[in-house]
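Undergrad: okay, here's the prediction I keep looking at, along with the sequence it came from:
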Amino acid sequence: MRDTFWQLVRFGIAGGLATLCYAMVYSPLAAFKITSEQVANICGYLVAMGSGYVLHSRWSFRGHGADAKSSMPKFFAVSLVSFALNTFWVWLLTDDAMLAGAWWWPLVPIALVTPLVTFALNRLWVFA
């Protein structure tokens, strides 16, 4: 139980950094209408996926089970789940046919909900 707690703390820090990378890419693209929110989401996802894999495989889940090479395909699959969730948040909260909210609204569930789902999947499947 104690190991899981500290792993969750490490995941929170590393995931927070990956989410910050996402937000640093997504925010200016969406806020200044350089592109659509969905294209900004894709750009943010690509940056967050790369940084997240390095941080999680080398630090968050270090010594938990699977080595980095064998976990890469599974990590990519979980990152697609993360991408799908984030795409859903962007669509639901910013699309004119849905809630038509501000560009920053999706950042709330992206920072609070998506990480919980990815932690569970990473701990139980990717790095098990």
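TA: Arrived safely. Residues are numbered from 1 along each chain as shown.

Undergrad: buried ones in the longest helix seen in the chain, by neighbour count?
TA: As assigned by DSSP state H, the longest helix anywhere in the chain is helix 2-31. For helix 2-31, the buried set under the neighbour-count rule, 16 or more other Cβ atoms under 10 Å, comprises 7, 10-11, 14-15, 18-19, 21-23, 25-26, 29-30. (Each C-beta comes from the backbone N, C-alpha and C, glycine too.)

Undergrad: so which elements touch that helix?
TA: helix 37-55, helix 107-112, helix 114-121 (3 or more Cβ pairs under 8 Å, 6 or more residues apart in numbering; DSSP states H and E).

Undergrad: could you dump the ones you listed to TSV with mean pLDDT, mean neighbour count and distance to residue 2?
TA: TSV is the format used below for the helices and strands packed on helix 2-31 (pLDDT from 0 to 100; neighbours: other Cβ atoms under 10 Å; distance: least, Cβ to Cβ, whole Å):
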stretch	mean pLDDT	mean neighbour count	distance to residue 2
helix 37-55	93	20	22
helix 107-112	95	16	25
helix 114-121	90	18	17
